[in-house]
Structures are given as C-alpha cells and as structure tokens.
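Visitor: sharing a sequence plus its predicted fold:
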Amino acid sequence: MAELLAILIVFAGVLAGAWALLRERERSLKQKGAEEAHSQFLAAAETSLDAFSILQAVRNEAGEIIDFRFLYVNANTEKMMGRSRAELVGQTLLSMTTMHRDGGAFRNFCKVIETGEPLRQEFPVQDDRIRAAWLRTQVVKLGDGLAITSSDISESKATQQRYAKLAEFHDSVFQNAPFSIVATNPHGLITAMNVAAEKLTGYSREQLVGKAPLTILHDERELLGKAMGMDLAAAVQRDGFKVLTAEAAVGEMQEQEWTLIRRDGARIPINLAVRAVTTDADEITGFVSIAFDITDRKQMLEYVTHMATHDPLTGLVGRSMLQDKIVQNVEQARRYGTKVAVFVIDLDHFKRINDSLGHASGDQILMEASNRLRRSVRSTDVVSRVGGDEFVVVMPDITSVADVEQCASNLVSRLAPEISVDGHLVRVTGSVGVCVFPDFASDAKHLLKRADSAMYAAKENGRNQHQIFSEGMLKESADRLTMEHALRHALANGELAIHYQAQVSLTTGAVTGMEALMRWNHPKLGEIAPAQFIPLAEETGLIVSIGEWAFATACCEGKALQDDLGIDLTVSVNLSPRQFQQKNLVEVVETALIRSRLSPRSLEIEITENMLMVNSEEMLARLERLRELGVRIAIDDFGTGFSSFSYLLQYQVDRLKIDQSFVKKAVTDANAAAVVRAIIAMSHGLNIGVVAEGVETEEQLRFLLRRKCDEAQGFMLARPVPASEFSALVRAHNAHALLSLQNA
C-alpha cells in the first residue's frame, strides 16, 4: 500500500510537470501567433497606399471623450501629415490638427464609437499641415478607439472639377453658339435645342423638345422630292427624317441646303449639317443637326455671280457670259435650221471724247449708248459690253440676211442722235460689223471674230456705218494674219529701215531738220505702207520694240548726218500712244542719246494732240522728265484733235505741225485757210514754232509764205530718202534754196 501510494505520488508529479510543460508550450504558441499576426498587420499597414492610423479615445472623469491619442500611424500617414511617427504617436488628434472639439468632424468621430457605425466621407482639407487638398476617409470603431483610413483624392477631384467646368463650358457653347443646334433621338424626336435654334425657327424649346420631330421644320414633300428625286406623292409616304440622316446614319457628315419652314410660315434657305451620336460600340443614340441661315450668302452669291457675268457700269452681259450665250444660240440654230447674227459695235472717236470731257462724262455716254442698244433690239436678243466702248448684240432666230441688213442699219441710226452730257450736246456715232451663222461662220468662235473684222472694215470705210462680213473679207483677214506674223519677224530679219524727209525753213530756204519715217520692205509682200503696219504694230504691242529700235537708229544716223553736213539738224521722231505709256520711255530715249552722242536739243519727239489730253500725273511727269533731258516736244497733226492752247502752255510745247488736210484745203477752202492762219498767229503769239506738213504745190507754199509759217515739209520740197541719200539731197537743196524762194 505504501509502494502504491509512492507510485501514485510520483505519477502525480510527472503529470503536474507534463501539465506545466503543456501550459508553457501553449503560451509560447499563442505568443508566436500573436507576433505573426502583428507582423502581418504591420506589413499590411505599411504597404497600404492609404494613410492608416489607430487612435485611442481620451476621456475625462465623467467618461466623456475629450480627444483621441495616436497609438499607431503608417508611413503614408507620416507623409500626408508631414510628421514622423515619433512626433505623432502618443500625441492627441486635436493638438496635431486644426480639428476642434466643437466641430462636426470631432462629433462624427465620437458618434462612431457611440453607435459602432462606420463613417465614410469626402471633404476638402483646410489644414495647411496636411499635404492633400481633398481626402476620402473611412472611420471604424476599434475597441475604445478608431481605425482611420484616409486616401488623397486631390487629383481625381481636380479632374472631376475640370470635367464639370468643361461640361459647363460645353453647355454654354451649345446655348450661345451663333448657329442653330438641334439634338434628336434616333427616331428624330427633338431632345434639345439652343437659343439660336429658337430664333431661327420661331419655336421655343418648350414647344418642341420632347414633343415634335425634326421634320416639322421642313417642307417634307419638297425635302423628299429634292433629296430622292422620286414621285412626290410616293415620297410623302416615306420617313422624311431618314432622308435627313441617310448619310449620317452610316458614319458620314451629311451636309445639304434645305428650306426651313419657320413657325410664321416664312421659308428660309439654310445649310444643314447632320452627324450621328454613337456609343463606343457604334450604336446610334441620336443625331445632332447644325443649321444656319444662308439668305445673305445666297444673295451675295447671286450678286457676285451677276457682277462676274455682267458689266458693272451698264448692267449688260459681260464678256465671260457672252461666249456662252453665242454658243447656246449657235447650237439651237444648228438644231432648228435658223440663223444667228452677231453685231460688234464700236463707238467712233470715243477716246477723244472721253479724254476731253473726262471719264465721268464718258461713262454717261456709255450708259446712254447701252440703253439705246437695248431699245433697238428684241427682248430675246443679247446685248453685251465687252470692254471700253465696244458692244456686242447677239440676235437668234434670224431668217434672212436682209433682216440682218435692216437690223444693222437700225443700230447705226439709233446711236447717231446727240447725247446731252453735263449741258453739252455730244454726237457719238458707231461702226457696226456683222457676221451671220451659218452663212459666213461655222461656229461661235469664228462668228464673233469675223463680226469684229467687219467692224474694223466699217471704221476703215469712214465710220458711222455697218459692214456685213463676206467671202471677200476672209482674204483680208488672212492677209492681216499673214502681215502680223511677218511683222513679228521684220525687225530681226532687218526688213525695217528709216527714211528721212527734210524740213525746210520758209525764211532762209535751207534744210533745218528731218523727220524720221518708218519703212518696211518685205521680201515677198514688197513695200508695205506705214498706214498698214503701224496701226497693226500698235494693236499687237510690237510698236514698243520697234519704237526702241527707231529711236536708237534715228539718233545714230542723225548724228552721222550732222557730222557729214556740218550743220545742226533737228531729228524728229514720232512717238505712238502705246510708246507714250511705256514706263521706261525716258530711259529708252536717254540711252539712245548717250550711245549716239546726239545733242538732246537736236532730238524732237512728235506726239499727237490727243495724247496731251490724257492729263494724268504719270503722263505729265514723263513729259517733264523728257524736257529735263533737253529734248524738244512737237505736236503732230495739230488741228485734228480736241486740244486747246492751254495744253501747249502746260506741257511747254516747242513746235506745232499743221495737219496736211488743212494745208491741202487752205488754197480752196476759206474755213481751212482760216484755221491755218489762226494756228500760225496763235503759235507766234505763244512763241511756238510752226511746221506745215504735206506741202505738194507751189500754191500751197506761197500761201504759207504769205502767212509767215516758219517751216514746211512735203513732196514739193523733198521726198523721204534713206540716210545714205540724205546728205546729197540737203546739199543740192541748199544750193538752190534762195533761188527757189525768190521764184516762188
């Protein structure tokens, strides 16, 4: 029994030891588990992207929460609050932040502990010590404290605010856009419209949004018919909205012009652009239509089109549209076997009248001429002004050439009566050229060109008449083209030459000068008169290069003749209107003088009196620069224009050349004789020299001698000769000068 008791005591001791060992091992395992859990908690807290902190409630003796103390903060909390853990842990919330015990945030924290309900909130940070503008906070109860998770949402809030402002901006743009914007659902029901759409349509948003389809703003029958080109009755049965959005529904911008029907019934042309609104999956959720009133644009387009196709002064059809009109009428005549007549009308001597009376008066004459032409033709005829003083009339449905003859004669007579311009009666006649399709032209191009040729023929035959193009004129046109082609190569081929006609003093009988006259000797065409090729050169612009050559040649040959004869002869060179407009004219003359070494006082430039009346500052300055070179100025063909002696004083003219038509008639016509006497007397009174042109008889010469004319030139005195013969002519003439004058 004693042994059994001893065994039991030993066993009991072993059990007690084993139990103690088990208890110790259990405590060790629990401590290890707690440490692992703590480590996991720290790892999770420290790697969290949010700021995390644990706070313990601080209570007063009455058990009321008066503050919270930091027990734990993670790294992001340190970063957000700008303080280390050593500075935060153990400190109270109220001392580390701007939070107040009486504030709503503190009371919400206390409420979490009292109720156990978590708190979630977003709020702007007003504490400068916290490095965030906006925070999202989640607060949960943890024992007698709080676990707070805070996220910096400053960037997302800023983005959200930007989007809010952008949405507000877009809404402002939508409402204040200067053009109409209307949004619809996929079926055309209006869902939104801006202020401009209200003004354009006359409807308010309350009347249309959510209540009416977009097609209420259009004449559906007109819209469908225009867009689809089908029978209107059948088209009305279809959906008008599909017509408006057919292209937009497949992803394209649909833009067309439509007629808008306003609430008051007014019809307004608009430009309408429609675009579909889609989801990311390309599902159509609606349509946006942008429209604006194009009334002004269409009116401006019509105005610009009219201005581009009509003459701005007279309102007649312009050159650009004329060709189309002629082509249309020719094609119609070809189809129906009728005739088309084209009349080209050019006002006679209009430039002289325009230059003398001024451009304003010239415009009045052109407008009156256009009105007379309108009244002289049928309403179906085309009247056009193609430039300057040239008009064209196109008459379709002509049956005979006799009708054309009568129409042309009528146009000439209707233009002839005097026109009252600023209190003056001015008579302006017209030269009319006509060509008939298909008689003398097979197409529109030749029809107009040959009518123009006929007009020039009417001018050459004396003006104030009409000329119908005929077969004979085809040869003349061909000859003109041949001559023009030959003239373009005449200078390079050495076919041009200068001949000189002596100018004789009627006091001493000696040769005092010479006029340079152009001559053209073509190897096949032979001698071509200046009256034929000079106007052609002027018209084609070839006169510029030919004129430069003439100045250079006359100056060089004139200087050589002066040196050979030992006398100071005046070299007179004619200047054409085209040359007078040449910008480098002064430089051309100066170069010719320098290269020839001819004295400027020996060079005399002859211009017509009509050229003086182009009284522009540019022309005046050009003449003044020529005079500064020392060059003399003479007026050729004086008496045939509309000049006055005031121009002679203004331009400091040196000599006048009386036109040969007056010299020729002076011995038989009292009026012509009076003109010559007046010119000589007035010129001497102004200290201007006078030269009589075209002296061919002794009777004419005696008349000029009695009237004390200064100088003369003409076939009776000397014919034009080449430079190689001029010296001999002068010597022979001067040897018999006194005797000839005495016998005269």
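Guide: The structure has been received and is ready for your questions. Predicted model, so just to flag it, every value in this text is computed and none were measured.
Visitor: okay, buried residues for the helix or strand harbouring residue 497 please.
Guide: When elements are defined using DSSP states H and E, residue 497 is found to belong to strand 496-505. Of the residues in strand 496-505, those scored as buried under the neighbour-count criterion (16 or more other C-beta atoms under 10 Å) are 496, 498, 499, 500, 501, 502, 503, 504, 505. (Glycine included, C-beta is placed from N, CA and C.)
Visitor: which other helices and strands does it contact?
Guide: Packing partners of strand 496-505 (3 or more C-beta pairs under 8 Å, 6 or more residues apart in numbering; DSSP states H and E): strand 511-522, helix 543-565, strand 711-712, strand 721-722, helix 723-735.
Visitor: report the beta-bridge partners for the closest residue to residue 456 other than its chain neighbours.
Guide: In space, residue 456 comes closest to residue 433 once its chain neighbours are excluded; the distance is 6.9 Å by C-beta to C-beta, 6 or more residues apart in numbering. On the basis of DSSP bridges, residue 433 takes part in beta bridges with residue 344, residue 467.
Visitor: next, the contact list for residue 433, please.
Guide: Residue 433 makes contacts with 343-344, 451-458, 466-469, as judged by C-beta atoms under 8 Å, 6 or more residues apart in numbering.
Visitor: mind running it again at 6 Å?
Guide: Residues in contact with residue 433 (C-beta atoms under 6 Å, 6 or more residues apart in numbering) are 344, 451, 454, 455, 458, 467.
Visitor: picking up where we left off before, what's the average pLDDT for the strand holding residue 497?
Guide: Mean pLDDT, taken over the full extent of strand 496-505, equals 94.
Visitor: residue 484 looks like it's in a helix, true?
Guide: Yes - according to DSSP: H, G, I helix; E, B strand; the rest coil, residue 484 belongs to a helix.
Visitor: just give me the neighbour total for it.
Guide: Residue neighbour count, defined by other C-beta atoms under 10 Å, stands at 15 for residue 484.
Visitor: check residue 402 too.
Guide: Other residues near residue 402 come to 9 when the count uses other C-beta under 10 Å.
Visitor: just checking, what packs against the helix or strand where it lies?
Guide: With secondary structure defined by DSSP H and E, residue 402 is part of helix 401-415. For helix 401-415, the elements it packs on are helix 359-376, strand 430-437, judged by 3 or more C-beta pairs under 6 Å, 6 or more residues apart in numbering; DSSP states H and E.
Visitor: now the last one and helix 359-376, what's the angle there?
Guide: Meaning strand 430-437. 40 degrees (axes from the mean of the first three to the mean of the last three C-alpha atoms, to 10 degrees).
Visitor: hey, C-alpha coordinates of the helix or strand hosting residue 458 in PDB?
Guide: Mapping residue 458 onto the secondary structure by DSSP H and E places it in helix 444-460. Provided in PDB are the C-alpha atoms of helix 444-460 (Å, rounded to 0.1, in the frame of the first residue of the first chain):
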ATOM      1  CA  ALA A 444     -19.300  80.600-132.200                       C
ATOM      2  CA  LYS A 445     -15.600  81.500-132.200                       C
ATOM      3  CA  HIS A 446     -15.400  82.400-135.800                       C
ATOM      4  CA  LEU A 447     -18.800  84.200-135.700                       C
ATOM      5  CA  LEU A 448     -17.600  86.700-133.100                       C
ATOM      6  CA  LYS A 449     -14.100  87.100-134.600                       C
ATOM      7  CA  ARG A 450     -15.500  87.800-138.100                       C
ATOM      8  CA  ALA A 451     -18.100  90.200-136.900                       C
ATOM      9  CA  ASP A 452     -15.200  92.000-135.200                       C
ATOM     10  CA  SER A 453     -13.300  92.100-138.500                       C
ATOM     11  CA  ALA A 454     -16.300  93.500-140.300                       C
ATOM     12  CA  MET A 455     -16.500  96.300-137.700                       C
ATOM     13  CA  TYR A 456     -12.900  97.300-138.400                       C
ATOM     14  CA  ALA A 457     -13.800  97.300-142.100                       C
ATOM     15  CA  ALA A 458     -16.700  99.700-141.300                       C
ATOM     16  CA  LYS A 459     -14.200 102.000-139.500                       C
ATOM     17  CA  GLU A 460     -11.700 101.900-142.300                       C
END
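Visitor: who are the packing partners of it?
Guide: Applying 3+ C-beta pairs under 6 Å, 6+ apart, one finds that helix 444-460 contacts helix 319-336, strand 339-347, strand 430-437, strand 466-468.
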